[in-house]
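Chemist: Need a 3D model of the sequence below.
(one chain, ligands or ions: 1)
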Amino acid sequence: MLRRFLCNTTTLETLIRHRPKPLLNPKSPIQIHAKIQSLRPFSQMSDSRRSPPIPAVDRAEKSELLRALESSLGSAFGSEPLWPNPSPLIIVVSGPSGVGKDALIKKLREMREDLHFVVTATSRAMRSGEVHGKDYFFVSKEEFLGMVEREELLEYALVYGDYKGIPKQQIRDYMASGCDVVLRVDIQGAQTLRRIFGKSAVFIFVAAESEVKLVERLIGRKTESREALLVRVATAREEMKHVRNFDYVVVNAEGKLDNAVKLVNSILDAEKAKVRPRNVVV
Ligand SMILES: Nc1ncnc2c1ncn2[C@@H]1O[C@H](COP(=O)(O)OP(=O)(O)OP(=O)(O)O)[C@@H](O)[C@H]1O
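Modeler: Presented below is the predicted three-dimensional model:
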């Protein structure tokens, strides 16, 4: 519950650091084999080296067996985690306008308590229903350019005449508190982030099942003027060509948003279970 609160809020004063536990130094298979071999000629050992016999598994108490196994192996069983907690991920979600990125991320955040949505700063006007600090940080063009000057943004771009940019400090703070962070950017932004992060972030392209379904969805949203609609649809055609620069493609088919959310959730679970995790520094 605490983690959900921490990752889903934009105030960080009370954050506690969750550091991954250090990895144990496991014995190599060769060492273990040698140890077992050394136990084999048990009956021929001198009394001083002899361990108590391991009791029959079907009759002994669990604790008795544990003690005997420890004694035979020559050391106590540790209760520390055998593997460190996974490092926080940076997840970049992109795709054509109207494909359902916001809808997908909203549902994903309900499923994953450790996920923080990085709120983008934008100079565009607020749409009805949007909340400052939750959907975007709505700032004037002058304020935005001030942030650029102070190098506070990870990347920024002029999108359909409006500035959009990602505040760096927000990412650092949430990752330091153990949260995964999700960035929602257009294709141009994803390309820039790929240059910055390389393979150290997870890039997910959200696609519609067909062009016509994408256009229907954009029309249905009723947020664009005729001109803006035309630009977005023309751009979407071009954007599909960039899918190969991503790590994953998730089809958000009509009426199947939940399936797309489940797939992204599984992708993130698999990423967290990687033996060689992506280690990202912002
Ligand atoms: N699988 C789906 N089936 C039907 N409608 C959907 C689906 N996914 C999203 N939508 C709807 O499509 C519209 C566009 O979705 P959304 O605003 O999330 O897209 P977006 O990719 O974030 O767009 P933009 O980049 O322009 O902000 C919304 O009205 C949303 O509720």
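Chemist: From the chain's centroid, how far away is the helix or strand harbouring residue 269?
Modeler: For residue 269, the host element (DSSP states H and E) is helix 257-272. Relative to its parent chain, helix 257-272 has a centroid offset of 10 Å by Cα atoms, centre = their mean, to the nearest Å.
Chemist: Could you check which residue of the protein lies nearest the ligand?
Modeler: Nearest residue of the chain to the ligand: residue 100, at 2.9 Å (Cβ to the nearest ligand atom). For the C-beta atoms, the positions are set from N, CA and C on the backbone; glycine is no exception.
Chemist: List the contacts of that residue.
Modeler: Counting by Cβ atoms under 8 Å, 6 or more residues apart in numbering, residue 100 touches 206, 208, 217, 252, 257, 260.
Chemist: Quick one: residues contacting the first one.
Modeler: If I follow you right, that is residue 206. Contacts of residue 206 by Cβ under 8 Å, 6+ apart are 93-95, 99-101, 104, 249-250, 252, 260.
Chemist: isn't there a strand covering it?
Modeler: Yes - membership of residue 206 in a strand is supported by DSSP: H, G, I helix; E, B strand; the rest coil.
Chemist: Next one, pLDDT for it please.
Modeler: On the pLDDT scale, residue 206 is placed at 97.
Chemist: What is the neighbour count of the residue nearest to it when sequence neighbours are not counted?
Modeler: Excluding the flanking residues, the one nearest residue 206 by Cβ to Cβ, 6 or more residues apart in numbering is residue 95, at 3.5 Å. Residue 95: 29 surrounding residues under other Cβ atoms under 10 Å.
Chemist: Residue 95 touches residue 217, doesn't it?
Modeler: No - Residue 95 lies out of contact with residue 217 (Cβ atoms under 8 Å); the separation is 11.6 Å.
Chemist: rewinding a little: the contacts of residue 100 also near the ligand: which ones?
Modeler: 217, 252, 257 (Cβ under 6 Å from any ligand atom).
Chemist: Next, work out how far apart the second one and residue 81 are.
Modeler: It stands for residue 252. 36 Å (Cβ to Cβ, to the nearest Å).
Chemist: who's more crowded, these two?
Modeler: Shown here are residue 252 and residue 81; by other Cβ under 10 Å, residue 252 has more neighbours (24 against 12).
Chemist: what's the spacing between residue 97 and residue 147?
Modeler: 24 Å.
Chemist: try residue 170
Modeler: Distance from residue 170 to residue 147, by Cβ to Cβ: 12 Å.
Chemist: what sits against residue 249?
Modeler: 204-207, 243.
Chemist: Residue 76 too?
Modeler: residue 70.
Chemist: cutoff 10 Å now
Modeler: 66-67, 70 (Cβ atoms under 10 Å, 6 or more residues apart in numbering).
Chemist: same check, this time on residue 269
Modeler: 86, 112.
Chemist: neighbours around the nearest residue to residue 66 once chain neighbours are set aside, how many?
Modeler: Closest residue in space to residue 66, ignoring its immediate chain neighbours: residue 77 at 6.7 Å, by Cβ to Cβ, 6+ apart. Here the count is done by other Cβ under 10 Å, and residue 77 has 9 residues near it.
Chemist: what does the one 5 residues further on give?
Modeler: Taking other Cβ under 10 Å as the criterion, the count of residues near residue 82 is 9.
Chemist: what's the answer for the one 4 residues further on, then?
Modeler: Counted with other Cβ under 10 Å, the burial measure for residue 86 works out to 17 neighbours.
Chemist: neighbour-wise, which of residue 170 and residue 147 wins?
Modeler: Neighbour totals were compared for residue 170 and residue 147, and residue 170 leads with 22 against 18 (other Cβ under 10 Å).
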